[in-house]
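In: give me a model of this one.
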Amino acid sequence: MKSAEVRQLFLDFFNEKQHQIVPSAPMVVKHDPTLMFTNAGMNQFKEFFLGNKTQRTNGFQIPKNVYGCLGKHNDLEEVGIDTYHHTFFEMLGNWSFGDYFKEEAIAWAWELLTERYIIDPNILYVTIFEGDES
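Out: Coordinates of the predicted model:
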C-alpha cells in the first residue's frame, strides 16, 4: 500500500468518526518560544492540553491531522551516527479534548488497523499503560 493510500484511509476513517481535518502546523513554530521545530503532532494543540483553549472556541469539533515532524526533541544529535534516527517524518493524528477517551480510541485503532489496513491481528501486539499507583 502506498503512503498516499495509508493517509487517505486514515482521513476517511476518522471522517466517519466525526473528526474534522485540521491543517498541520508549520515545521518552524511561529508563536511558541519553547519550541524551535514541530517535533510532535500535539504541538499545535498545546494550548488545548494546557486548558487555555477549547476546541469549540477554535472553530473545529474533533480534530484529526497529518503532520510533519522533525525528529524527537532529544535525537537531533544522533542523526547520522546510527542507522535508525530520522530527521523528518509524517504522522497521522486523531485527537480528543473530552469527546472520547481510551475505550473508543483503542477500539477505533484496532478497527483501523485490522479492518481498513487489513493487518492480520495475529501479528499485532497490544500493550496498555494502566497508570502508576503512586
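In: can you pull out the residues in contact with the helix-or-strand element of the chain with minimal mean pLDDT?
Out: Sorted by mean pLDDT, DSSP states H and E, the helices and strands of the chain end with strand 62-69, the least confident at a mean of 74. Applying Cβ atoms under 8 Å, 6 or more residues apart in numbering, the contact partners of strand 62-69 are 7, 10-11, 14, 17-25, 27, 38-41, 44-45, 55, 88-97, 99-100. To be clear about C-beta, it is placed using only N, CA and C from the backbone, and glycine gets the same treatment.
In: list the helices and strands the longest helix along the chain packs on?
Out: Ordering each helix of the chain by length in residues (DSSP state H) puts helix 3-16 first. Applying 3 or more Cβ pairs under 8 Å, 6 or more residues apart in numbering; DSSP states H and E, one finds that helix 3-16 contacts strand 62-69, strand 89-94.
In: quick check: which element contains Glu111?
Out: Assigned by DSSP states H and E, Glu111 belongs to helix 102-111.
In: can you pull out the low-pLDDT segments for the protein?
Out: By pLDDT under 70, the weakly predicted segments of the chain are 55-61, 70-87.
In: which residue is the nearest non-sequential neighbour of the residue nearest the centre of it?
Out: Centroid check for the chain by Cα atoms, centre = their mean gives Gly93 as the closest residue, at 2.7 Å. Distances taken as Cβ to Cβ, 6 or more residues apart in numbering put Gly41 closest to Gly93, at 4.0 Å, once the chain neighbours are dropped.
In: number of nearby residues for that neighbour?
Out: Other residues near Gly41 number 23, with proximity taken as other Cβ atoms under 10 Å.
In: surely it meets Met91?
Out: Yes. Here Gly41 reaches Met91: they are 5.2 Å apart, a contact under Cβ atoms under 8 Å.
In: so the least confident helix or strand of the chain versus helix 3-16, what angle?
Out: Strand 62-69 runs at 160 degrees relative to helix 3-16, counting by axes from the mean of the first three to the mean of the last three Cα atoms, to 10 degrees.
In: what lines up beside strand 62-69 in the sheet?
Out: Strands that pair with strand 62-69, judged by DSSP bridges, come out as strand 19-21 (parallel), strand 89-94 (antiparallel).
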